[in-house]
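Trainee: can't give you the sequence, but here's the structure:
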């Protein structure tokens, strides 16, 4: 079952954050992940508007955790933590992308 790392990020140092975003795609791909959402134009339909939303899909939770804990990501994570604030969380996807009606 797919798993997703979801982040809501407020960039505090745009120049440093650019260094982080330049390095993440290769590390994510190396660990079997791919961006589903990367920034974009977030619009609130309920609650407050998000700052920057990122969604990364991995084949499963184990792979997502392996990516996050990898030495390659931990090294560039230092840049993100110094250049932004926010939250990051891991969620499981659903077994079927199209559940039957009424599910």
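Mentor: Thanks, I have the structure now. These figures come from a predicted structure and were not determined experimentally.
Trainee: how about the strands in the chain?
Mentor: For the chain, the strands defined by DSSP state E occupy 3-11, 34-39, 52-58, 84-92.
Trainee: count of neighbours near the nearest residue to residue 31 once chain neighbours are set aside?
Mentor: Nearest non-adjacent residue to residue 31, counting by CB to CB, 6 or more residues apart in numbering: residue 67, 3.7 Å away. Using the backbone N, CA and C atoms, a C-beta is placed for each residue, glycine as well. For residue 67, the neighbour count with other CB atoms under 10 Å is 20.
Trainee: what does residue 52 give?
Mentor: 17.
Trainee: quick one: residues contacting the closest residue to it other than its chain neighbours.
Mentor: Nearest residue to residue 52, sequence neighbours excluded (CB to CB, 6+ apart): residue 9, at 4.4 Å. Residue 9 makes contacts with 51-54, 80, 84-86, 88, as judged by CB atoms under 8 Å, 6 or more residues apart in numbering.
Trainee: nearest to residue 72 among these?
Mentor: Using CB to CB, residue 80 is the member of the contacts of residue 9 that lies nearest residue 72, at 13.2 Å.
Trainee: what's across from residue 55 in the sheet?
Mentor: Beta bridges link residue 55 to residue 6, residue 37, judged by DSSP bridges.
Trainee: wait, it sits on residue 8?
Mentor: No: using CB atoms under 8 Å, residue 55 is not in contact with residue 8; the gap is 10.2 Å.
Trainee: in the protein, where's the longest helix?
Mentor: helix 14-30 (DSSP state H).
Trainee: where's residue 86 relative to residue 2, distance?
Mentor: 22 Å (CB to CB, to the nearest Å).
Trainee: err, residue 70, not the other one
Mentor: 19 Å.
Trainee: those two: who's more crowded?
Mentor: Neighbours were counted for residue 70 and for residue 2 using other CB under 10 Å; residue 2 has more, 17 against 14.
Trainee: what number of residues lie near residue 84?
Mentor: 19.
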